[in-house]
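> Give the three-dimensional model of this entry:
(2 chains)
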Amino acid sequence: MAINTSLAALDEKYFDFAHARHLLNRAGFGGTPAQIEALRDMGLNRAVDLLVDFQKIDDSQHLPAAKINADILKPPTKEQRREIRQARRSNDQAVLDRLEVMRRQQRQGDRRQSEDLGRWWMARIISTPRPLEEKLVLLWHSHFASNYRTVRDSFLMYRQHMLIRKYANGSFAKLAHAMIRDPAMIRFLDNHNNHKRKPNENLARELMELFMLGEGNYTEQDIKQGARALTGYTFHDNEFVFRQQMHDNGSKSILGQKGNFDGDDFVDILLKQPACPRFVCYKLYRHFVGDLDEQVTPSARKIIFKMARVLAAKRYRLSPLLKTLFKSRHFYDPSVMAGKIKSPVQLIVGTVRALGTPTRNLDVLIDAMSSMGQRLFNPPSVAGWPGGRNWINTSTLFVRQNMATYLITGKLPYRDGWSQRDVEYEPMALVAELPKRTPETVVDHLLSSFVAGSVAVQRRDQLVTFMGERGGRITEERMIGLLLMITAMPEYQLC
Amino acid sequence: MTDKPVFTRREFVHTGLAIVSTVPTMPAFLQNSALAIADPADVPLTASRPGVPEDRILVVIQLSGGNDGLNTVVPYGMRQYYDARPMLAVRERDTLAIARADGIGLHPRLAPLKEMMESGMANVVQGVGYPNPNRSHFASMDIYHTASAGSGKGYGWLGRALDQVEPDNSTAMISIGKEAPLASKGKRGSAVAFENANLFRWAGADLNSTLSSHYNKINRAGVLSELAGVENEQAAFVMRTALDAQLASDRVRAAVAKAPLTPFPQGSLAGQLRMVASMIRAELPTRVYYVGMGGFDTHGNQARSHGNLLGQFAAAMKAFYGELKAMGQQNRVLSLAFSEFGRRVTQNASQGTDHGTAGPMYMFGPMVRPGLLGNHPSLTKLDRGDLIYNVDFRCVYTTVLSQWLGADAKKALGRAFKPAAVLDRKVTT
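I've put the predicted structure just below:
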């Protein structure tokens, strides 16, 4: 069947339970059967508007503010610097060692703070009433990727995170401008070392290659000239500063334009390239619509070009484009639904939010996410998380299955023995509204709620057999067994 | 010197291949999965591909924390060594002498390494490092993993090599540990990683024994019979991987459950190498194994702890090759051990040493050029109190990649490096 490549809105009357589930999975992290039904009952337009205009949702009840100490890595004071110099001169090993120990303790404190930050964000993703906000923050975190491993300053990472949050569904243009003034990004891509006498091309290159245009849309010469425009964009003591004496005031020629450009002019030139909205929409498409692991399919290409026209017409404002996308016929095409591999965050948060399991121990979840290849605040490189099939191999698949098992039962593999007790999870709530509870209705209800796409009859029947084993009574023990098996099915890895 | 074996490619008999030729439309993984589900033990996970010496295995041992190279390969003939380390230096009479190496000996706990060097089974490459050394554990480790000064675009040296030589092998690299190392990251994903073989499976079966047969019917036979008809590409991919996972899990766990032929010492590294040996014995199609031990970040009271670490390392390596020999597999297995940096020349005030720069690498197996290789880094010409490297680690990688794994080293490392003469001259692909 031909893939629908229209951005025109789906007719309200077709918006059903499966569509609502799909919307909640992609624009959020899924939800319980009752939440999916509620979204369906709102209708497509209201549901999408609610998700996209998330600023209207009060989240103050749910989310604690991060406790963060901005001065945890305070640079040495004048006095301390003098002490260090003196100790070096007189080769006073005792003093030097004491300073070294202090420095190491400071670093340890900062590492701990960065771990706290990871816990804080994870808790926030799990409990937020604005799921699309977190989903967008994850997108921009992987798009304008910096990592703590390299930046080694938890406060700067936090600062960057809050910046991304500020523009999450706002203006991509403003976000791009803010990024070249972001201390974490400057440090991550060495722009503090970008001096007119010795330009460093790192930030200029990635702005074009990974952040705004994509490969093939600029030359090495453009990178050199762009780097000159970015000279002097640096930071001091947690704040951006522009150092005039480091800045190259000469004329530059970038992508066919000439002038005494600075970094912001450079970003403006990039924003005007036709490649820019296309590249941003390609990233949006991969985040929300399809992984495009093998290649950009002709139908995806068509849609991305259409999205790019919308984004350009809206002057890079994201929420109108997101609304168009989430209401579009293409978004609900059968080839799109169930065609995406869940990221580790999606898998874990989705299991908590959709099955309604307890959150369990955050550190266990964060640890498992690392094993699956996703550590928040630590994307592997400036290219972000590659996503799609990269998430899955034979070992991460078992980690994924076993984490669902942990969330459902609270038992860690090979650490805890099984018992029916202390599971502290009430699975019957999932079928409370079901008018007639039989092995068939329960299996079909849970499959349609938790598995995107269809499951072949043979395997569905296997689940029904399991549910029927104890005389067909729907008990808590049966429900937990059923959920364990559903979350272990290959299809559960898709959304 | 022992006789060097001639490195011919082993003849593999693939039961799977016959079926591939009779049923050409059936994808290879299905062949193997189908067969292996009937009897997991006798089918390789991937089909053989001509032109690749697929029997060669590389084992990488990561010594994390920054091993103190100066107290490992001890320059007892250099006065400056004793000046810089009045409390920490290894006394001359305690060092183990190395043939034809004047003034340089091994730490006393490295007797097994010395033995292996003398029997043609090991070498030590001295003064390995890279330009503009980074003294952060993370940053320097990333440099060793990616073979580039920035972390590049997040690909590792082994991942990029396996992209070339094992593009279709889902179990091309196995890492013992929670996370796949950055070194393993390629376009096609990362290493299979597990801390122990018991975690390399679905744990739900343990929670409720009746689940396991249902799980198997769903995730093995069920998935297998449907796969051919699945149109959703991502679903087909996950289903394929799920079948591979079942199969790999069976084989890995069966392999590891077998008792080794020879004794292994206690300790984490020895335990990991024991697992690796058993997987090699079970003829897993894995080309690269990755193991590691930590604790080398010896800022305080280093003498005792460092000696213990070296002792564990050397004993584990000796046991590993003893086992490989008993299995008749030692000619297939090259091992490479590295640390992210060495330590400062001068000891600190807490009887330890702080982060430094160059340090030794170690290679094991009958195919290495044995003995002490290269020159000891100078103790008079230092860079701000740190050793200056003689051998770029990427030169060693280049030799391993091109001469042992048959990969294009330039493609894997991003640029060409002069191969270091660390393998026997007869070793060529």
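> correct me, but A:N402 touches A:I408?
No: using CB atoms under 8 Å as the test, A:N402 is too far from A:I408 to be in contact (10.7 Å). For every residue, glycine as well, the C-beta is placed using N, CA and C.
> Check what contacts stretch A:23-41 and list those residues.
Residues external to stretch A:23-41 that are found in contact with it (CB atoms under 8 Å, 6 or more residues apart in numbering or on different chains): A:15-17, A:19-21, A:47-48, A:51-52, A:125, A:131-132, A:134-135, A:288-289, A:322, A:326, A:331, A:340, A:345-346, A:349-350, A:353-356, A:429-430, A:433, A:445, A:449-450, A:452, A:495.
> how deep is the closest residue in space to B:L106 that isn't next to it in sequence tucked in, by neighbour count?
Ranked by CB to CB, 6 or more residues apart in numbering or on different chains and with sequence neighbours excluded, the top spatial neighbour of B:L106 is B:L96, at 4.3 Å. Applying other CB atoms under 10 Å in any protein chain shown, we find 17 residues neighbouring B:L96.
> In stretch A:111-119, which residues are buried?
When neighbours are counted by 16 or more other CB atoms under 10 Å in any protein chain shown, the buried residues of stretch A:111-119 are found to be A:Q113, A:S114, A:D116, A:L117, A:G118.
> if you look at it, does any of it touch chain B?
No: judged by CB under 8 Å from any CB of the partner chain, stretch A:111-119 makes no contact with chain B; its nearest approach is 9.9 Å.
> same check, this time on stretch A:223-239
No: looking at stretch A:223-239 against chain B by CB under 8 Å from any CB, there are no contacts, and the closest approach is 14.7 Å.
> That stretch: how far from the chain's middle?
When distances are taken as CA atoms, centre = their mean, to the nearest Å, stretch A:223-239 is centred 27 Å away from the chain's centroid.
> Would you mind listing the buried residues in that stretch?
Taking 16+ other CB under 10 Å as the basis for neighbour counts, the residues of stretch A:223-239 that come out buried are A:223-235, A:238.
> Which of the residues you listed fall in helices?
Taking DSSP state H, the ones among the buried residues of stretch A:223-239 that sit in helices are A:I223, A:K224, A:Q225, A:G226, A:A227, A:R228, A:A229.
> Could you list the domains of chain B?
Each domain of chain B is listed here as a residue range: B:11-48, B:53-199+B:241-413, per automatic domain parsing.
> With respect to burial, which of those domains scores highest?
The densest packing among the domains of chain B, expressed as mean neighbour count by mean count of other CB atoms under 10 Å in any protein chain shown, is seen in domain B:53-199+B:241-413 with a mean of 21.
> low-scoring stretches of the chain, by residue?
By default, I'm working from chain A. Along chain A, segments meeting pLDDT under 70 span A:1, A:414-421.
> oops, I was thinking of chain B
Counting by pLDDT under 70, chain B has low-confidence residues at B:1-54, B:150-152, B:429.
> which element is the residue of the stretch 1-150 of chain B found nearest chain A on?
Scanning the stretch 1-150 of chain B for proximity to chain A using CB to the nearest CB identifies B:F138 as nearest, at 4.9 Å. According to DSSP states H and E, B:F138 maps onto helix B:137-146.
> Check the secondary structure at the most centrally placed residue in chain B for me.
When chain B is reduced to its mean C-alpha position, the closest residue under CA atoms, centre = their mean turns out to be B:V60, at 1.5 Å. Applying DSSP: H, G, I helix; E, B strand; the rest coil to B:V60 yields a three-state assignment of strand.
> Check the gap between it and B:C395 for me.
When distances are taken as CB to CB, to the nearest Å, B:V60 and B:C395 turn out to be 16 Å apart.
> next one: A:S448
58 Å.
> So which bits of the stretch 51-200 of chain A are right by chain B?
Residues of the stretch 51-200 of chain A found near chain B, taking CB under 8 Å from any CB as the criterion, are A:Q93, A:A94, A:D97, A:E100, A:V101, A:R104, A:R149, A:T150, A:R152.
> Tabulate those residues (TSV), appending neighbour count.
What follows is these, written out as TSV (neighbours: other CB atoms under 10 Å in any protein chain shown):
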residue	neighbour count
A:Q93	14
A:A94	10
A:D97	18
A:E100	17
A:V101	15
A:R104	13
A:R149	22
A:T150	21
A:R152	19
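> ok, of those residues, which one's closest to chain B?
Minimum distance to chain B across those is 3.9 Å, recorded for A:D97 (CB to the nearest CB).
> ok, now which ones touch the residue in the stretch 251-400 of chain B positioned nearest to chain A?
Ranked by CB to the nearest CB, the top residue of the stretch 251-400 of chain B for proximity to chain A is B:A349, at 3.9 Å. Taking CB under 8 Å, 6+ apart, we find B:A349 in contact with A:Q93, A:A94, A:D97.
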